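Trainee: this one's structure only:
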């Protein structure tokens, strides 16, 4: 299994533990990553607020880089997934747009074949659809029995379903649960698992942003979760780095919920050392998780 | 076909009983909707069950409610599609984010108050023309999504911001605002946009896509909110954190090809906004301690000159006139 790898800005910025753990875990799963070092920011749905066409051109550039390698694209960010899927849909539906964008890319000798398209998959989807849960189960060296983990998806990998391949894969909103089970841990479901973490308005309306994070964290903790697992580094930032501030809006006493990146959960089950997975690089200590293993 | 319903009840005469669910089992034809099943239960099993409905063909917008955890029109939701989603029992609850009057009926006053607050009527300038207002086809075609709104409140029910902040204008009212800001006949764009840029307005939307997902008429309320934001920013209404955020984000990527998480919050608060800057210090220190602080020395990607060229080429195009 070989993929063009778009790590996203955040895994190279404020969540370096995500990048490190992904690069450590992938070869163990038989996943080869060809990183797009010259790839650019997807715009995170923000640049499209300013200029949709610029955002589409930026995304087409990444797609073209992957197509040049002849490989499907893997990302490790729910936000990148949503933005890339939406851009793909617009480019596919609007050949004039694709032509204008390709004119811009031609200066660099790049071309995105929108009609042919490109498979763009988050690591979560790759685990379930390409690797397969059976295979994943067989690779587990250290089942995470005793760990109770809650899923936290991130909006853009779930909505809108019409652009995220739910017609073909209607279970994509259950994949985190499947993976948590496959590595031997127990799933803890709670109401906020598919809601917004609040990250996009952190610097715009801090109170609302923290209240959202606090609400999901409180629910998960009161349902008995030892930790949450997320495929989205932006959710990680709001749920982990902001958690000490979110505490004041919590509805439970002593809020402390470590947040794992998806590759970290897999890495633990593959028997990789916690420090190599950078579980020591979180704001909320992961000792609660490690104590369960 | 046996349809099992689990309905959340609330009786205003005994408000101390909260969160009680009642189960009904009704015999229905294969193609029955949830609404038909509820009516059957009410008419033949329990006449005390309260619900709202009228047209039964997804035009009037009366029967929005939460079905299996998600806001939907009961008349547009077929039972057999739900049983495909899993689970034998269909859980029916009143719409969220609005106070319950009885059972599945909620008080929609706050919904209507917010729609009214955006002045949902045309405000042209000058005397009216002798005949009708002439508008290019494409200008109205761009508004068809939002004109499909039937005011059912599904988007408001499931809005993730309203859950934590009832003062937020919300997806239905903001989408309605775009209906007039985007209308070439309306002359009040700037005052409208200024007002909508205030607190609890367009910039408080988190872009979570929940309203896009649940809207039974494909209005895509969030997309309309994003058009308002673009319009406001392009009109120079930039004295707020939301607008500064999009401008800073865009400029950072233009100049380096990727996000600079060190500078983005500083620029969003505004360089001279000391209170804003100081409010981020605790989280910055925590991240520094955990080795998560983004480097202040930001490195552009290889090929950044191509990124700059892309920006120059497409600069100035608004989302609403771009690739839609």
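Mentor: Yep, it's here. In this text, all values refer to a predicted model and were calculated from it rather than measured experimentally. Residues are numbered from 1 along each chain as shown, chains lettered A, B, ... in the order given.
Trainee: Now do the contacts for the most centrally placed residue in chain B.
Mentor: For chain B, the residue nearest the mean C-alpha position is residue B:171 (3.3 Å; C-alpha atoms, centre = their mean). Counting by C-beta atoms under 8 Å, 6 or more residues apart in numbering or on different chains, residue B:171 touches B:155-156, B:159, B:205, B:211, B:221-222, B:225. From N, CA and C alone the C-beta is placed, and that goes for glycine too.
Trainee: just those now: which is nearest residue A:203?
Mentor: residue B:205 (14.4 Å; C-beta to C-beta).
Trainee: Name the surrounding residues that touch the helix or strand bottoming out on mean pLDDT in chain A.
Mentor: Lowest on mean pLDDT, DSSP states H and E among the helices and strands of chain A sits helix A:47-50, with a mean of 88. Helix A:47-50 is contacted by residues A:41, A:54-56, A:58, A:83, A:86, B:226, B:229-230, B:233, B:246-247, B:249-250, B:253, B:319 when judged by C-beta under 8 Å, 6+ apart.
Trainee: Correct me if wrong: residue B:8 contacts residue B:19.
Mentor: Yes - counting by C-beta atoms under 8 Å, residue B:19 is a contact partner of residue B:8 at 7.0 Å.
Trainee: Tell me which of these two has more neighbours.
Mentor: residue B:8 (18 against 8; other C-beta atoms under 10 Å in any protein chain shown).
Trainee: Distance check, the more buried one against residue B:92.
Mentor: Taking C-beta to C-beta, to the nearest Å as the measure, residue B:8 falls 7 Å from residue B:92.
Trainee: which neighbours do these two share?
Mentor: In contact with both residue B:8 and residue B:92: residue B:104, using C-beta under 8 Å, 6+ apart.
Trainee: now the helices: where do they sit in chain A?
Mentor: A:16-25, A:47-50, A:52-69, A:78-93, A:95-106, A:123-125, A:133-139, A:175-182, A:206-222, A:233-236, A:243-246, A:262-269, A:287-292 (DSSP state H).
Trainee: Okay, domains of the chain per the record?
Mentor: Unless you meant another one, I'm taking chain A. When chain A is parsed with automatic domain parsing, its domains come out as A:2-121, A:133-292.
Trainee: was after chain B, sorry
Mentor: B:2-106, B:109-234, B:241-321.
Trainee: could those be laid out in TSV, adding mean pLDDT?
Mentor: Formatted as TSV, those follow (pLDDT from 0 to 100):
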stretch	mean pLDDT
domain B:2-106	94
domain B:109-234	96
domain B:241-321	86
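Trainee: Just send the helices of chain A back as TSV, with distance to residue B:43 too.
Mentor: Formatted as TSV, these follow (distance: least, C-beta to C-beta, whole Å):
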stretch	distance to residue B:43
helix A:16-25	55
helix A:47-50	49
helix A:52-69	50
helix A:78-93	44
helix A:95-106	52
helix A:123-125	46
helix A:133-139	46
helix A:175-182	39
helix A:206-222	37
helix A:233-236	46
helix A:243-246	47
helix A:262-269	49
helix A:287-292	53
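Trainee: can you tell me which of those the model trusts least?
Mentor: Lowest mean pLDDT within the helices of chain A: helix A:47-50, at a mean of 88.
Trainee: Could I get the average pLDDT for stretch A:190-200?
Mentor: Rounded mean pLDDT across stretch A:190-200 is 97.
Trainee: Can you list the neighbours in contact with that stretch?
Mentor: Contacts for stretch A:190-200 (C-beta under 8 Å, 6+ apart): A:45, A:150-155, A:158, A:173, A:208-213, A:215-216, A:219-220, A:223, A:225, A:232, A:234-235, A:237-239, B:160-161, B:163, B:206-208, B:210.
Trainee: Enumerate the residues of the stretch 151-293 of chain A near chain B.
Mentor: A:155-156, A:158-161, A:195-196, A:198-201, A:203-209, A:211-212, A:215, A:241-242, A:244-245, A:281-283 (C-beta under 8 Å from any C-beta of the partner chain).
Trainee: Among these, name the buried ones.
Mentor: In those, burial by neighbour count holds for A:155-156, A:158-160, A:195-196, A:198-201, A:203-206, A:208-209, A:211-212, A:215, A:241-242, A:245, A:281-283, counting by 16 or more other C-beta atoms under 10 Å in any protein chain shown.
Trainee: Show me what whichever strand or helix holds residue B:66 is packed against.
Mentor: Here residue B:66 sits within strand B:64-67, counting by DSSP states H and E. For strand B:64-67, the elements it packs on are strand B:70-73, strand B:89-93, helix B:154-158, judged by 3 or more C-beta pairs under 8 Å, 6 or more residues apart in numbering or on different chains; DSSP states H and E.
Trainee: Let's see that with 10 Å instead.
Mentor: strand B:2-9, helix B:34-44, strand B:70-73, strand B:89-93, strand B:105-106, helix B:154-158 (3 or more C-beta pairs under 10 Å, 6 or more residues apart in numbering or on different chains; DSSP states H and E).
Trainee: measure the residue nearest to the centre of chain B to residue A:78 for me?
Mentor: From residue B:171 to residue A:78 the distance is 21 Å (C-beta to C-beta).
Trainee: Ok, residue A:35 next?
Mentor: Taking C-beta to C-beta, one finds residue A:35 at 19 Å from residue A:78.
Trainee: Residue A:33 now?
Mentor: 18 Å.
Trainee: now swap in residue A:236 and tell me
Mentor: 10 Å.
Trainee: Who has more neighbours out of those two?
Mentor: residue A:236 (31 against 26).
Trainee: Quick check: the more buried one vs residue A:13, distance?
Mentor: 12 Å.
Trainee: what sits in contact with each of those two?
Mentor: Residues touching both residue A:236 and residue A:13 by C-beta atoms under 10 Å, 6 or more residues apart in numbering or on different chains: residue B:292.
Trainee: mind listing what residue B:162 touches?
Mentor: Applying C-beta under 10 Å, 6+ apart, the residues near residue B:162 are A:208, B:96-98, B:110, B:114, B:155-156, B:168-171, B:204.
Trainee: can you list those in TSV and add secondary structure?
Mentor: Compiled in TSV, the contacts of residue B:162 are given as follows (DSSP: H, G, I helix; E, B strand; the rest coil):
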residue	secondary structure
A:208	helix
B:96	coil
B:97	coil
B:98	coil
B:110	helix
B:114	helix
B:155	helix
B:156	helix
B:168	coil
B:169	coil
B:170	coil
B:171	helix
B:204	helix
